[in-house]
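Q: Predicted structure and sequence below. I'll ask about it afterward.
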Amino acid sequence: MGVWAIKLTCVKTEEAVGMIIPHDITRIVKGGSKGPAFKKGHVIKEEDIPLLLEIGKEHIYSLQLEDGDVHEDEAGQRIAEAATGKGLELKGPSEGKVELIALTDGLLKINIQALQQLNSLPDVIMATLHNNTPVKKGDKVAGTRVIPLVVHEQTVAKAEEICREGAPLVEVRQYRSCKLGALITGREVYEGRVKDAFSPVMREKARSFNLEEPKIVYAPDEPELIASKIKELIAEGVDLVAVTGGMSVDPDDVTPRGIRLSGANVEKYGAPVLPGAMFLLAYHGRLPIVGVPACGMYFRTTIFDLVLPRLLVGERPTAQDLAALGHGGFCRSCQKCSYPHCSFGKGGIN
C-alpha cells in the first residue's frame, strides 16, 4: 500500500478558506529559490488564495490516512533517526525531506551496502556524500525522504530494520588529538644547501586538522640515520610519523629502506594515485608511518590528504584500501583546488 491508499477530498482553491494544508506546498522562483510557500498544518486564509493560484494550486486536497499509513514527514523522520550514527544532527522535515548535518569536523563514513539496500525499497530514498569524505561542522552530508505523500507502515519498518542491521548507516568520526612527527630527508636540506620546503607543508596539514605543532627533525640520505630519527620520534611520543623525500626509485633515494630498518612493517609501497604514486604506508607496531613523495611539496592535494584523515580517526588502512583508491585517484590539478568538493579520491570501494 502507498499513495493509492490515500483518501483525498478535492476542493477548489477559492473555496478552501479554513482548510488545513496536509503537506508542504512548494514554490519555485526561476533563477531564485525553491522552498515551501505553505507548511503542513497551515490554515488557509483569504489572503493566501492569490499566491496558491499563482503557484498553480487550483485545488486543495484534504488528506485522510487509512490504518497503517504513515505521512511523508513522519516516515522521513523515522528513517533518518534510524540511519544516523555519531557526529550528526537532523534538520527537518521540510517538504518531506530530512537532512543529516555534521556536528563536528571529521570523516564521513557510509555503510554503502546498507545504503543500497535502503534505496532498493519501494518509495524510500537516501542520498549521501561519498564515503570517506572529510567534512566540517555544519556540513550537510545526507538527506532522506519517501517518494509519495504517504507510505505504508511496513515500508517504514523495513527501512528502520535495514538501518539497524547496518548501523551506523551514516556517521561522522571525529578526528583524534594526534601528535605528528615529521622527518625531512635529503642531504641537501640537512646541510642547508637547499631550503626546506616540506616543513611548512607539514605544519599546514597539522593546522588544517587542529593538531598541535608537529615535531620536525632532519636526516641525510642514509638509511641507518633515517631509521634512527624515526625511532627518536617514536620515543618522544608522536602518534604518527611522516617521512618526506627520497621516495623515488633512484639509487640515491633510500627513504623506504630507512623506514624498514626502523623496524616498521611496510603495508604497501606505491599507490594508484596521481599525485602520490611513490607513497609508502607502514606500521611500527600500531603506530603508522607514511612516506610522502616529493609531490607533497608542490601539489596542494595528494594521496597524503586521502590517507591522513583515516589515520586521524583511528583507522588502519591496508594495502587493499590503497589499491581501491585507483578508481577516483587521478587528480585533475585544477587551477583553483576545491578538494574535498571534487572527484579526487571519491571512487574507492571502501
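A: Received the coordinates, thanks.

Q: And the helices in the stretch 51-200 of the chain, which stretches?
A: For the stretch 51-200 of the chain, the helices defined by DSSP state H, counting those that start in this stretch cover 72-83, 112-119, 153-165, 187-190, 198-208.

Q: Run the angle between the first one and helix 112-119 for me.
A: This means helix 72-83. 160 degrees (axes from the mean of the first three to the mean of the last three CA atoms, to 10 degrees).

Q: contacts for helix 72-83?
A: The contact list for helix 72-83 (CB atoms under 8 Å, 6 or more residues apart in numbering) reads 23, 40, 70, 90, 92-93, 96-98, 100, 118, 124, 126, 142, 144-146, 148-151, 155-156, 159-160, 163-164, 168-170. In this view, the C-beta of every residue, glycine as well, is placed from N, C-alpha and C.

Q: picking that back up, can you tell which of the helices of the stretch 51-200 of the chain is closest to residue 222?
A: helix 187-190 (8.2 Å; CB to CB).

Q: what separates the closest one from the chain centre, distance-wise?
A: The chain centre lies 38 Å from the centre of helix 187-190; the measure is CA atoms, centre = their mean, to the nearest Å.

Q: Quick check: which helices or strands does that helix pack against?
A: Using 3 or more CB pairs under 8 Å, 6 or more residues apart in numbering; DSSP states H and E, the elements in contact with helix 187-190 are strand 215-219.

Q: Okay, now the unreliable bits of the chain?
A: The chain contains residues with pLDDT under 70 at 1-8, 20, 32, 41, 62-65, 251-252, 348-350.

Q: Tell me which other helices or strands the helix or strand where residue 323 lies touches.
A: If you go by DSSP states H and E, residue 323 is part of helix 319-324. Where contact means 3+ CB pairs under 8 Å, 6+ apart, helix 319-324 is packed against strand 265-269.

Q: picking that back up, so which of the contacts of helix 72-83 belong to strands?
A: Using DSSP state E, the subset of these located in strands is 70, 90, 92-93, 97-98, 100, 124, 126, 142, 144-146, 150-151, 170.

Q: top of those residues by neighbour count?
A: residue 144 (33 neighbours; other CB atoms under 10 Å).

Q: May I have the residues that are in contact with that one?
A: Contact partners of residue 144, counting by CB under 8 Å, 6+ apart, are 76, 79, 80, 83, 97, 98, 100, 124, 125, 126, 127.

Q: what two of those residues are the furthest from one another?
A: Checking the contacts of residue 144 with CB to CB, the most distant pair is 100 and 124, at 15.1 Å.

Q: residues contacting the residue nearest to the spatial centre of the chain?
A: Nearest to the mean C-alpha position of the chain, counting by CA atoms, centre = their mean, stands residue 133 at 2.7 Å. Contacts for residue 133 (CB under 8 Å, 6+ apart) come out as 107, 108, 141, 340, 346.

Q: Whichever of those residues end up buried, select them in ChimeraX.
A: The ChimeraX selection below is limited to those of the contacts of residue 133 classed as buried (16 or more other CB atoms under 10 Å):
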select :107,108,141,340,346
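
Q: nearest to residue 280, of the contacts of residue 133?
A: residue 107 (21.6 Å).

Q: which residues does the closest one bridge with?
A: Listed by DSSP bridges, the beta-bridge partners for residue 107 are residue 134, residue 173.

Q: I'd assumed residue 311 was in contact with it.
A: No. With contact defined as CB atoms under 8 Å, residue 107 does not count as touching residue 311 (10.0 Å).

Q: re the thing from before, which of the ones in strands among the contacts of helix 72-83 sits closest to residue 29?
A: residue 97 (18.7 Å).

Q: In space, what's closest to that closest one - neighbours in sequence excluded?
A: Excluding its sequence neighbours, the residue lying closest to residue 97 (CB to CB, 6 or more residues apart in numbering) is residue 145, at 4.4 Å.

Q: Quick check, that neighbour in contact with residue 125.
A: Yes. Distance between residue 145 and residue 125: 6.2 Å, which falls inside the contact criterion (CB under 8 Å).

Q: if we can go back for a sec, with distance to residue 10 as new columns, can the contacts of residue 144 be given to me in JSON lines?
A: JSON lines is the format used below for the contacts of residue 144 (distance: CB to CB, whole Å):
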{"residue": "76", "distance to residue 10": "25"}
{"residue": "79", "distance to residue 10": "29"}
{"residue": "80", "distance to residue 10": "31"}
{"residue": "83", "distance to residue 10": "35"}
{"residue": "97", "distance to residue 10": "25"}
{"residue": "98", "distance to residue 10": "29"}
{"residue": "100", "distance to residue 10": "36"}
{"residue": "124", "distance to residue 10": "27"}
{"residue": "125", "distance to residue 10": "28"}
{"residue": "126", "distance to residue 10": "32"}
{"residue": "127", "distance to residue 10": "32"}
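
Q: need the contact list for residue 242.
A: Taking CB under 8 Å, 6+ apart as the test, what residue 242 contacts is 180, 181, 182, 183, 202, 214, 289, 290, 292, 304.
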